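Visitor: Prediction below, plus the sequence it came from.
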Amino acid sequence: MTSKDTAREISMRELKSMLGVSRHVVSGLVAAGFVTPTRGPRNGYRFTFQDVVLLRTALQLRSAQIPPRKIIQALSRLREVLPDELPLTGIRVTAVGNDVAVKTGPSQWDAVTGQLLLDFEVAEIKGDVVFLDMEVGQKDLARQAEEWYDLAGQLRTSDIKGAEQAYRKAIAVSPEPFYAAYVDLGALLCELEARCDDALHAFNEALSHFPDDSVLHFNRAIAYEELGRLDDAERSYKRCIELDPSYADAHHNLAILLETRGDQQGLIRHLSAYRRLTD
């Protein structure tokens, strides 16, 4: 199965759970032309990661009472101007009166006309005056990172590529090193045999922020083993145990590794520690 095929495995049931809406609402958005899903077994809808984000954006804009025609125009333009590998939740979409403003990096522009907006646009939204500041606050970034992390968890079993993108986005936008996103990204990549090098890179990057975390050293050891780098794996397991002597799985894995390397004393010592900790 190719990554493209994998990205089309989000079912109607999963989508309803992600968006928190009924089948009727999703079907109405599809009928209105917000997305064009493919058909899977038994003629059921199959949505991509991009479809999920487009529909979420459409729901947000509908709740802001943006006319449906303008929402469709805005989403169509977003599809045209953004690269395929950038998930649409990587941008900030804001309802400004009856218009849709989009912020990408240092620029913000009208989603329908494409016209660039000034750094500070003042607009009336439901009677309030709102400044669209170009600077995003730390709390906003932390919230965005959490949303990306939650989305990655939802996509993990249905869209591996989308989940990876979401974990990476959580790490990129978080104002502080995002420990859980690093761990889950590395674990996700390590489950794919061909991506162990990428998993190792994720764990190494995480360890640059959390050098004394036993879980990261344990996971890095597993990645090293998958890559056949047994000396590095042994050192990582030992560092994990040094940081947390009660880490039973590290004792177990190190015992098995040492057995393959002919170290019987090491095998007995760490296997005994594992049994003592798990009894």
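Guide: Right, received. Where do you want to start?
Visitor: Need the residue closest to the centroid of this protein.
Guide: In the chain, the centroid-proximal residue (Cα atoms, centre = their mean) is residue 166; its distance is 1.9 Å.
Visitor: Kindly format the C-alpha coordinates of the helix or strand hosting it as CSV.
Guide: Here residue 166 is covered by helix 160-173, with elements defined by DSSP states H and E. This file holds the C-alpha atoms of helix 160-173, laid out as CSV (Å, rounded to 0.1, in the frame of the first residue of the first chain):
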residue,chain,number,x,y,z
ILE,A,160,0.1,7.4,9.1
LYS,A,161,1.4,10.1,6.8
GLY,A,162,-1.1,12.6,8.2
ALA,A,163,-0.2,11.6,11.8
GLU,A,164,3.5,12.2,11.1
GLN,A,165,2.7,15.6,9.7
ALA,A,166,0.6,16.5,12.6
TYR,A,167,3.3,15.4,15.2
ARG,A,168,5.9,17.4,13.3
LYS,A,169,3.6,20.4,13.2
ALA,A,170,3.0,20.1,17.0
ILE,A,171,6.8,20.1,17.6
ALA,A,172,7.3,23.0,15.1
VAL,A,173,4.7,25.4,16.6
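Visitor: need the contact list for the closest residue in space to residue 246 that isn't next to it in sequence.
Guide: Leaving aside its chain neighbours, residue 246 sits nearest to residue 277 (5.9 Å; criterion: Cβ to Cβ, 6 or more residues apart in numbering). (C-beta placed from N, C-alpha, C; glycine too.) Residues in contact with residue 277, defined by Cβ atoms under 8 Å, 6 or more residues apart in numbering, are 246, 248, 251.
Visitor: related to what we said a few turns ago, so what secondary structure elements neighbour the helix holding residue 166?
Guide: Counting contacts by 3 or more Cβ pairs under 8 Å, 6 or more residues apart in numbering; DSSP states H and E, helix 160-173 is packed against helix 3-6, helix 49-63, helix 138-155, helix 179-190.
Visitor: list the buried ones in it?
Guide: 160-171, 173 (16 or more other Cβ atoms under 10 Å).
Visitor: can you redo those residues as TSV with pLDDT?
Guide: Below are those laid out as TSV (pLDDT from 0 to 100):
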residue	pLDDT
160	81
161	81
162	79
163	83
164	88
165	84
166	84
167	90
168	90
169	86
170	88
171	92
173	84
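Visitor: Now do residue 160 against residue 43, distance only.
Guide: In this view, residue 160 and residue 43 are 25 Å apart by Cβ to Cβ, to the nearest Å.
Visitor: Can you classify residue 33 by secondary structure?
Guide: What DSSP: H, G, I helix; E, B strand; the rest coil gives for residue 33 is coil.
Visitor: Name the nearest residue to it, ignoring sequence neighbours.
Guide: Nearest to residue 33 is residue 72, by Cβ to Cβ, 6+ apart, at 5.4 Å.
Visitor: next one: residue 174
Guide: Going by Cβ to Cβ, 6+ apart, residue 174 has residue 145 as its nearest residue, at 3.7 Å.
Visitor: do residue 239 as well
Guide: residue 217 (4.7 Å).
Visitor: The one you found: how many residues sit nearby?
Guide: By other Cβ atoms under 10 Å, 25 other residues sit near residue 217.
Visitor: List the contacts of it.
Guide: Contacts for residue 217 (Cβ under 8 Å, 6+ apart) come out as 207, 236, 237, 239, 240, 243.
Visitor: Buried residues, the helix or strand where it lies. List them.
Guide: In this assignment (DSSP H and E), residue 217 forms part of helix 214-226. Neighbour counts over helix 214-226 (16+ other Cβ under 10 Å) mark 214-226 as buried.
Visitor: Just send those residues back as CSV, with pLDDT too.
Guide: Formatted as CSV, the buried residues of helix 214-226 follow (pLDDT from 0 to 100):
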residue, pLDDT
214, 95
215, 94
216, 95
217, 96
218, 96
219, 95
220, 96
221, 96
222, 94
223, 94
224, 95
225, 93
226, 92
